[in-house]
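Visitor: sequence and predicted structure below; questions after.
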Amino acid sequence: MAKKVVGKNFYLQPASRIAPKLLGKILVRKIGKKKIFVLITETEAYDGTNDRASHASRGRTKRNEAMFDEGGHWYVYFVYGMYWMLNLVCSKKNYPSAVLIRKGLVVDKNLEVLEELEGPGVLSKKLKIDRKLNTRPVSGKSGLWVEDWGIKIPSKLVHSGKRIGIDYAGEFWAKKRWRFFID
DNA sequence: ACGATGATGAAC
DNA sequence: TTCATCATCGTA
């Protein structure tokens, strides 16, 4: 099984292109000497300042600054007084866009499934993700990166749908099928 | 169906 | 400074 770290160019595409391509890739979290592997199974794209579902729709603020970084950084924010949301920043610098990682499967190095992470809040809790990762690079330096293990998800199993929890965005943006998931 | 729980941003 | 809101989740 060929395992390689995803290259930087991958992150310079539009979020809506990256989101489906992340399905089947492996999120690697290093905590101390331990590594946790998560097969990504659900993502959502947030793209540009016009996207009214995106935090960037109200311009640059202290919270969403990371979204304006170059693709290949993390955007981590706190919601509902309890949960940390993990997002992968996309595209070139100063173009705010990101992919929210919503669900995954904890696997071992042989792809044996150990645990299901059924939402962005539980995923971040399991991987010990908090504001310390905000604006950090997607690389070993931050202890959180993405690998391609050559897993090919059959296109039959890849679906798209409306994004979750963004009904405030108005019909045009709320109905966009920018959520991608397996099965 | 609902409450927990606190940062955020906009209004005042 | 106040206040409604929020890219959620576990319990009921």
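Guide: Looks like it came in fine.
Visitor: nearest spatial neighbour of the residue nearest the centre of chain A, skipping sequence neighbours?
Guide: Nearest to the geometric centre of chain A sits residue A:101, at 3.2 Å (C-alpha atoms, centre = their mean). Computed as C-beta to C-beta, 6 or more residues apart in numbering, the closest residue to residue A:101 that is not its neighbour in sequence is residue A:86, at 5.0 Å. (Each C-beta comes from the backbone N, C-alpha and C, glycine too.)
Visitor: any idea of the pLDDT on that neighbour?
Guide: If you check residue A:86, the pLDDT there is 99.
Visitor: go on, residue A:183?
Guide: Per-residue confidence (pLDDT) for residue A:183: 86.
Visitor: in contact with it, which residues?
Guide: Going by C-beta atoms under 8 Å, 6 or more residues apart in numbering, residue A:183 touches A:41, A:157, A:159.
Visitor: same thing with residue A:95?
Guide: Residues counted as contacts of residue A:95 (C-beta under 8 Å, 6+ apart) are A:48, A:68.
Visitor: got phi/psi on the nearest residue to residue A:79 once chain neighbours are set aside?
Guide: Using C-beta to C-beta, 6+ apart and skipping the chain neighbours, the partner closest in space to residue A:79 is residue A:85 (6.0 Å). Residue A:85 adopts backbone torsions of phi -110, psi 130, taken as degrees, to the nearest 10.
Visitor: could you do residue A:121 as well?
Guide: With angles defined as degrees, to the nearest 10, residue A:121 sits at phi -70, psi -50.
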